[in-house]
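In: Sequence plus predicted model, see below.
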Amino acid sequence: MTAARSFRERDVPPRASVLVESLRDLGYSLQAAVADVIDNSLSAGARRIELLAETHAEAPVIGIVDDGAGMTEAELLEAMRPGSRSPLEERSATDLGRFGLGLKTASFSQCRRMVVVTRRDGTTSCAAWDLDTVAARDRWIVELPDSPAAVPWHERLTGNGTLVVWEKLDRLVGSDGSGDRQDLVRQLDETARHVEFVFHRFLSGREGGDRRVGMRLNGRELRAFDPFHSLHPATQHHPEDTFLLDGQEIRIRPVTLPHHDKVSQADWKLYAGPEGYVKNQGFYLYRNRRLIVHGTWFGLARQLELTKLSRVRIDIPASLDAAWKIDVRKAWAQPPAPVRERLRRIVERLGIPSRRTYTARGRRLTDDNRLPVWTRSQDKNRISYGLDTAHPLFSAFEARLDTEAADEFRKLLGLVAAALPVEALYADMGASAESVVTEALDPGDFAKLVEDMWRILSGRGLSAADIEERMRTADPFRSRREETEKVIRALAEGRPEGQ
Ligand SMILES: Nc1ncnc2c1ncn2[C@@H]1O[C@H](COP(=O)(O)OP(=O)(O)O)[C@@H](O)[C@H]1O
Ligand SMILES: [Mg+2]
């Protein structure tokens, strides 16, 4: 026998003054908050988006103005509602929205007063949330100012479009505005870089048929930052993988970035990103071309020095939001189980290209190097490095020693090789391989070395061309080719170098 389900009902709405404060703490950074507001502008079809900031005023303000579709007053009121649209509702293919929360949660995370001025077909509407009012009255009250005249930058709305203004920036400069303004400027700068990164595909508009969107910060044009360095000729684009999840297409495109030698110093640093190549390897997940997560293998692989040039673009439509567990901030996601398996296979395949870029160079050290100072030998589980005592410079020197000294000399070479600081090298290379360099020989000593080498080899009956060819592929001559050639030329012409 089941008990009758009898009950009374009470409407228990959230306490406005309390809930509104919790909505502030969903974990948005300034960057993520600005990006969320920009998402709305893009969903509204904007072609130009301006970030505006008055950082040194007594009461600093931040504004974001777009030339999108704008809203009617009824739409504006709906937009102001926390939870204006359900995450279950189907969205258009270009909509970057998700929970009907972003405008509010993003804004409240940074400020206590958010004003929206919007214009549609010549009619301007204005509404504001002021958290101090909500707190004092404990009601969800939206102010509707009669005129937007007092709102900074309202005059920028000439056609259709929307302006979002953040006032009372307590989180950025303190509630009394006494916070470090220089820090605010720095944070805005970082935000600009974040926008250039997250929206790079909108900013470049390079993909066929896609509209280009211009964005500026206080008048400064923002430039797309493409983490795949797509246009560089040394970037390796691997084949694209496409598959369906719930009937929706997921596209995966692995890329291996150009090796250090192939790019300028400035580009090498730029594409490393602030966290460096090792941390920035991995998947780059885009939802409707907007970057959500980057620099993670989603636990499918470790971020190794060896694979640091691998970046894999994943494109998903917004309809797969729930499956990927995209969060309110759009800063976190996780691949659904069937996708994980696909990604795992791609990762396994991928270890290879990135690794190949490095071993190709690793091998060059020994394979086509016919005059190595170092030898590398490998058997099943061991790789060892040693000094090559048969090197012409070593053997020629040894020949000049008496038996006892020659013996000492071999022992010393053995000692140097045995003391190769393998662990320190491993640690340093792991942290930043490019900054590990070998000690440069002084030009005089180097010229002497080239000369000795040349004399030894020509003493063995090698032609000038042969000698040059050998030295061209062997370090230290290989990496100081011009100097080497200069000395050889002088020797071949029978005059001492430098005359
Ligand atoms: N810049 C804008 N231009 C036009 N409409 C906007 C703009 N910003 C917000 N809106 C409207 O407000 C709604 C709520 O926005 P938001 O709180 O960010 O939630 P979501 O983007 O998830 O829908 C949007 O769905 C959109 O209809
Ligand atoms: Mg939104």
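Out: Thanks, I have it. Numbering: from 1, shown residues only. Ligands and ions are numbered 1, 2, ... in the order given.
In: So which residues on the stretch 1-150 of the chain come close to ligand 1?
Out: Proximity of the stretch 1-150 of the chain to ligand 1, by Cβ under 6 Å from any ligand atom, involves residues 40-41, 44, 66, 68-69, 71, 79, 84-85, 97-104. The C-beta positions use only the backbone N, C-alpha and C, and glycine is treated the same way.
In: List, out of the residues you listed, those positioned next to ligand 2.
Out: Asn40, Gly97, Gly102 (Cβ under 5 Å from the ion).
In: give the contact list for the residue in the stretch 1-150 of the chain positioned nearest to ligand 1.
Out: Nearest residue of the stretch 1-150 of the chain to ligand 1, counting by Cβ to the nearest ligand atom: Gly97, 2.5 Å away. Residues in contact with Gly97 (Cβ atoms under 8 Å, 6 or more residues apart in numbering) are Asp39, Asn40, Ser43, Arg85, Arg91.
In: Quick one: end-to-end distance for stretch 326-335.
Out: In stretch 326-335, first residue to last residue: 10 Å (Cα to Cα, to the nearest Å).
In: Repeat that for stretch 119-132.
Out: 26 Å.
In: Show me which positions of it end up buried.
Out: Buried residues in stretch 119-132, counted by 16 or more other Cβ atoms under 10 Å: Arg119, Arg120, Ser125, Cys126, Ala127, Ala128, Trp129, Asp130, Leu131.
In: near ligand 2, which residues of this structure?
Out: Residues of the chain lying near ligand 2 (Cβ under 5 Å from the ion): Asp39, Asn40, Gly97, Gly102.
In: which one of these has the most neighbours?
Out: Gly102 (25 neighbours; other Cβ atoms under 10 Å).
In: For it, which residues are in contact?
Out: Asp36, Val37, Asp39, Asn40, Val328, Lys330.
In: Go again with 7 Å.
Out: Asp36, Asp39, Asn40 (Cβ atoms under 7 Å, 6 or more residues apart in numbering).
In: The last one - nearest residue in space that isn't next to it in sequence?
Out: Right, Asn40. Among residues not flanking Asn40 along the chain, Leu103 sits closest, at 5.9 Å (Cβ to Cβ, 6 or more residues apart in numbering).
In: Work out for me the element the one you found sits within.
Out: Counting by DSSP states H and E, the element that carries Leu103 is helix 102-110.
In: mean confidence score for that helix?
Out: Mean per-residue pLDDT for helix 102-110: 96.
In: Am I right that Tyr284 falls within a strand?
Out: Yes. Counting by DSSP: H, G, I helix; E, B strand; the rest coil, Tyr284 falls inside a strand.
In: Checking the residue nearest to it when sequence neighbours are not counted next. Helix, strand or coil?
Out: Distances taken as Cβ to Cβ, 6+ apart put His294 closest to Tyr284, at 4.5 Å, once the chain neighbours are dropped. The three-state assignment at His294 reads strand, by three-state DSSP.
In: Let me see the contact set for His294.
Out: His294 sits next to Pro227, Asn280, Tyr284 when contact means Cβ under 7 Å, 6+ apart.
In: Can you name the residue of the stretch 151-300 of the chain nearest to ligand 1?
Out: Here the stretch 151-300 of the chain gets closest to ligand 1 at one residue, Thr162, 3.6 Å apart by Cβ to the nearest ligand atom.
In: Validate this expectation: that residue resides in a strand.
Out: Yes. Assessed by three-state DSSP, Thr162 belongs to a strand.
In: Tell me what it is bridged to.
Out: Taking DSSP bridges as the rule, Thr162 bridges to Asp66, Thr118.
In: Isn't it up against Thr118?
Out: Yes. Thr162 lies in contact with Thr118 (Cβ atoms under 7 Å); the separation is 4.3 Å.
In: So for those two, which residues contact both of them?
Out: Gly70, Met71.
In: got the residue ranges for the helices in the stretch 301-450 of the chain?
Out: When assigned using DSSP state H, counting those that start in this stretch, the helices of the stretch 301-450 of the chain occupy the ranges 337-364, 392-399, 403-418, 422-432, 443-459.
In: Can you add mean pLDDT and give these back as JSON lines?
Out: What follows is the helices of the stretch 301-450 of the chain, written out as JSON lines (pLDDT from 0 to 100):
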{"stretch": "helix 337-364", "mean pLDDT": "65"}
{"stretch": "helix 392-399", "mean pLDDT": "83"}
{"stretch": "helix 403-418", "mean pLDDT": "88"}
{"stretch": "helix 422-432", "mean pLDDT": "80"}
{"stretch": "helix 443-459", "mean pLDDT": "86"}
